[in-house]
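Student: What follows is a predicted protein model with its sequence.
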Amino acid sequence: DTEVTQTPKHLVMGMTNKKSLKCEQHMGHRAMYWYKQKAKKPPELMFVYSYEKLSINESVPSRFSPECPNSSLLNLHLHALQPEDSALYLCASSQESYNEQFFGPGTRLTVL
Amino acid sequence: AQSVSQHNHHVILSEAASLELGCNYSYGGTVNLFWYVQYPGQHLQLLLKYFSGDPLVKGIKGFEAEFIKSKFSFNLRKPSVQWSDTAEYFCAVNWGYGGATNKLIFGTGTLLAVQP
């Protein structure tokens, strides 16, 4: 299994809602990542988990809250988002932090 | 600060033309180099990677890239493009051998449009 899966594919939420994005990999990778991608831009790193511990937070606002329940799963909890947070949210994983990353298809988030 | 630059933001080619996309990174040291491709409506896929060894690396779909250490460059090439190569191409670099704070830095991307 060489896939990274993400759910949901699309999400529309209001600014007062709480929702979660989910990511799963079964490749035994020890590093997992959340990125935000706006149209026609490169992915922007948000968070890195290495061996299930948060190792990098790229000064992301606290309305985004990551969680790594186990080595295969990564969640991103969303609360009180702003319309400018609308974007494609990508999850990725790699064997170690310096290896190639495998990306999921993303969750297209729209904040109304 | 570490950075990656891609000089061509938008490239338009006819089918069968040759392709070269430039990528430069900010400074040396031990680097791991990648090219990713994002086809319309699809997720980011790895085209090729360089960690060490032969500086000319071959990837999927006929792509290759050359690492030139003295020029801090990792340019992507394909001798003959097809319409199906229409996509956004991202160069990405990480420095060092990992560790908790190691991260991948992406270039700004090059949008390639191949006309039939």
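Tutor: Sure thing, it's come through.
Student: and the lowest-mean-pLDDT helix or strand in chain A, anywhere near chain B?
Tutor: Lowest on mean pLDDT, DSSP states H and E among the helices and strands of chain A sits strand A:53-57, with a mean of 92. Yes - for strand A:53-57, a contact with chain B is found by CB under 8 Å from any CB of the partner chain, at A:53, A:55-56. Yep, even glycine has a C-beta here, placed from its N, CA and C like the rest.
Student: Give me the contact list for that strand.
Tutor: A:45-49, A:66, A:68, A:97, B:100-101, B:103 (CB atoms under 8 Å, 6 or more residues apart in numbering or on different chains).
Student: what residue ranges in chain B are flagged as low confidence?
Tutor: Flagging of chain B using pLDDT under 70 yields the residue ranges B:28, B:96-101.
Student: Show me where chain B has its strands.
Tutor: Using DSSP state E, the strands of chain B run over residues B:4-5, B:10-14, B:19-21, B:24-25, B:31-38, B:45-50, B:56-58, B:64-68, B:73-78, B:87-95, B:105-106, B:110-115.
Student: okay, the ones you listed in a markdown table with distance to A:R108 and mean neighbour count next?
Tutor: Output for these, formatted as a markdown table (distance: least, CB to CB, whole Å; neighbours: other CB atoms under 10 Å in any protein chain shown):
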| stretch | distance to A:R108 | mean neighbour count |
| --- | --- | --- |
| strand B:4-5 | 26 | 18 |
| strand B:10-14 | 23 | 13 |
| strand B:19-21 | 27 | 19 |
| strand B:24-25 | 30 | 20 |
| strand B:31-38 | 14 | 22 |
| strand B:45-50 | 18 | 18 |
| strand B:56-58 | 33 | 13 |
| strand B:64-68 | 30 | 18 |
| strand B:73-78 | 28 | 20 |
| strand B:87-95 | 16 | 22 |
| strand B:105-106 | 19 | 19 |
| strand B:110-115 | 19 | 16 |
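Student: which residue is nearest the centroid of chain A?
Tutor: Relative to the mean C-alpha position of chain A, the nearest C-alpha, by CA atoms, centre = their mean, is the one of A:W34, at 3.2 Å.
Student: That one: what secondary structure?
Tutor: Under DSSP: H, G, I helix; E, B strand; the rest coil, the three-state class of A:W34 is strand.
Student: who's it bridged to?
Tutor: When bridges are called by DSSP bridges, A:W34 pairs up with A:F47, A:C91.
Student: Just to check, it is in contact with A:L88?
Tutor: No - in this structure, A:W34 is not within contact of A:L88 by CB atoms under 8 Å, at 11.5 Å.
Student: what's the pLDDT at the closest residue to B:H43 other than its chain neighbours?
Tutor: In space, and not counting its chain neighbours, B:H43 is closest to A:P105: 4.3 Å by CB to CB, 6 or more residues apart in numbering or on different chains. You'll see A:P105 listed with a pLDDT of 95.
Student: helix/strand/coil for A:P105?
Tutor: Taking three-state DSSP, the label given to A:P105 is coil.
Student: Just confirm it contacts B:Q45, I think it does.
Tutor: No - between A:P105 and B:Q45 there is no contact under CB under 8 Å: 10.7 Å.
Student: Nearest approach to chain A belongs to which of the strands of chain B?
Tutor: strand B:105-106 (3.7 Å; CB to the nearest CB).
Student: The closest one near chain A at all?
Tutor: Yes - using CB under 8 Å from any CB, strand B:105-106 reaches chain A at B:F106.
Student: Contacts only, for B:N75.
Tutor: B:20-23, B:65-66, B:68.
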